[in-house]
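>>> need a structure here:
(one chain, ligands or ions: 2)
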Amino acid sequence: MSTAWLARFITMSGTRQLLGSYTLGSMANAMPQALGAQALDRTHRVIACCGDGGLMMLMGGLRTAVTYRLPATFVVFDNGRLGMVKLEQEQGGLPEFGTVLDNPDLAAVASAMGLHARRVEDPAQLDEAAAWALSLSEPVLLDVVTNPDEVAVPPKPTVSQGWGFAIAKTKEAFESARAAGSPTRVRRAPDHVGSPADRPVSPRRGRPRGPSARDARPPRWPRGRPPAREPPRRPARA
Ligand SMILES: Cc1ncc(C[n+]2csc(CCOP(=O)(O)OP(=O)(O)O)c2C)c(N)n1
Ligand SMILES: [Mg+2]
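Residues are numbered from 1 along each chain as shown. Ligands and ions are numbered 1, 2, ... in the order given. Below is the predicted model:
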């Protein structure tokens, strides 16, 4: 969604250039594009606005910035979500499912990789952190925690998108209300990624849901696989 925020809120001064995947639609684009742009031109400052999901996909590239001393600035929009997918689900009338990310502290990871890094959790710290990052001429990462429920309204929103969003939110409200009054636990991810016992329990069926629910069931066979069958015996020839 950073592409949407950039297109909406960054003023193009006439000397700035904006790169992105745009209608190609590929995620995980910002960091590698920034590496390429900065390697081609070290005289300009390159700022990558990265999704947390995208950055997690190609994390190793951060070390490339250190190896080649590329003075790029990586700003992570850390909404803990595959945010665009969540939005697409909601536009289609579906409550959010399976889009929560189990991120580590990305500033700590970047720091371990040799970048300068800071995590920003309070909006009041943002200006100072941005000024600090821009004062450096070495690779630097800001892990900025953002609101996962922020909605990037498309340039030409349709009535059906709005209607789908309303349906999804209504379903989510009913689900929460039912969960609040239900003896079974309904918890949203990142509990999905915890141990089987921590995974959410369907209020209707009372058993873990989702593909990983399989792990919570006892194995059908003691060692998790069926015993080898003996080959059928052929009758002895007379
Ligand atoms: C290579 C690739 N994989 C999957 C997708 C589908 N997809 C589009 S946006 C998105 C989520 C991106 O999450 P994140 O990078 O955290 O950015 P956010 O939308 O949260 O800002 C996914 C999975 C894609 N467009 N490209
Ligand atoms: Mg995200």
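>>> so which residues make contact with the one helix or strand V75 maps to?
Using DSSP states H and E, V75 maps to strand 73-78. With contact meaning C-beta atoms under 8 Å, 6 or more residues apart in numbering, strand 73-78 is reached by 1-2, 5, 30-31, 34, 45-52, 55, 62, 65, 83, 103, 106, 110, 115, 130, 133-134, 136, 139-146. Quick note: C-beta positions are derived from backbone N, CA and C, even for glycine.
>>> which bits of this structure sit near ligand 1?
1-2, 25-28, 51-54, 77, 79, 81-85 (C-beta under 6 Å from any ligand atom).
>>> ok, of those residues, which come out buried?
1-2, 27-28, 51-54, 77, 79, 81-85 (16 or more other C-beta atoms under 10 Å).
>>> which of those fall within helices?
Taking DSSP state H, the ones among those that sit in helices are 2, 52-54, 83-85.
>>> and I10, how far from L18?
7 Å (C-beta to C-beta, to the nearest Å).
>>> just Y68 next, same as before
The value you get for Y68 to L18, if C-beta to C-beta is used, is 23 Å.
>>> wait, D52 sits on L106?
Yes: at 6.8 Å, D52 counts as touching L106 under the criterion of C-beta atoms under 8 Å.
>>> the residues of the chain next to ligand 1: which ones sit near ligand 2?
Residues of the residues of the chain next to ligand 1 in contact with ligand 2 (C-beta under 5 Å from the ion): 51-53, 79, 81, 83.
>>> R119: which of the residues you listed is nearest?
Among these, D52 lies closest to R119 (C-beta to C-beta), at 11.8 Å.
>>> count the residues that sit near the residue lying closest to the closest one once chain neighbours are set aside.
In space, and not counting its chain neighbours, D52 is closest to D78: 4.5 Å by C-beta to C-beta, 6 or more residues apart in numbering. D78 has 25 neighbouring residues, counting by other C-beta atoms under 10 Å.
>>> quick one, grab the pLDDT at D78.
pLDDT for D78: 97.
>>> distance of it from G36?
Counting by C-beta to C-beta, the gap from D78 to G36 is 23 Å.
>>> next one: G181
53 Å.
>>> what do you get for V153?
31 Å.
>>> same deal with S176?
From S176 over to G36 (counting by C-beta to C-beta), the distance is 44 Å.
>>> run through the residues that contact the closest residue to G53 other than its chain neighbours.
Nearest non-adjacent residue to G53, counting by C-beta to C-beta, 6+ apart: L82, 4.8 Å away. Counting by C-beta under 8 Å, 6+ apart, L82 makes contact with 53, 99, 101.
>>> report the contact partners of the last one.
Taking C-beta under 8 Å, 6+ apart as the contact definition, L101 lies against 52-53, 56, 80-82, 190.
>>> check L136 too.
71, 73, 116.
>>> hmm, S137 and the last one touching each other?
No: counting by C-beta under 8 Å, H116 does not reach S137; the two are 10.4 Å apart.
>>> so the two - more neighbours on which side?
The residue with more neighbours, out of H116 and S137, is H116; 16 against 11, by other C-beta under 10 Å.
>>> so what pairs up with the more buried one in the strands?
Beta bridges link H116 to V140, judged by DSSP bridges.
>>> how near is it to L62?
Counting by C-beta to C-beta - H116 and L62 are separated by 12 Å.
>>> any residues in contact with both of those two?
Joint contacts of H116 and L62 (C-beta under 8 Å, 6+ apart) are 139, 141.
>>> who touches the closest residue to ligand 1 within the chain in this structure?
Nearest residue of the chain to ligand 1: G51, at 2.2 Å (C-beta to the nearest ligand atom). G51 sits next to 1-2, 27-28, 30, 76-77, 79, 83-84 when contact means C-beta under 8 Å, 6+ apart.
>>> swap the cut-off to 6 Å and go again
When contacts are counted by C-beta atoms under 6 Å, 6 or more residues apart in numbering, G51 touches 2, 77.
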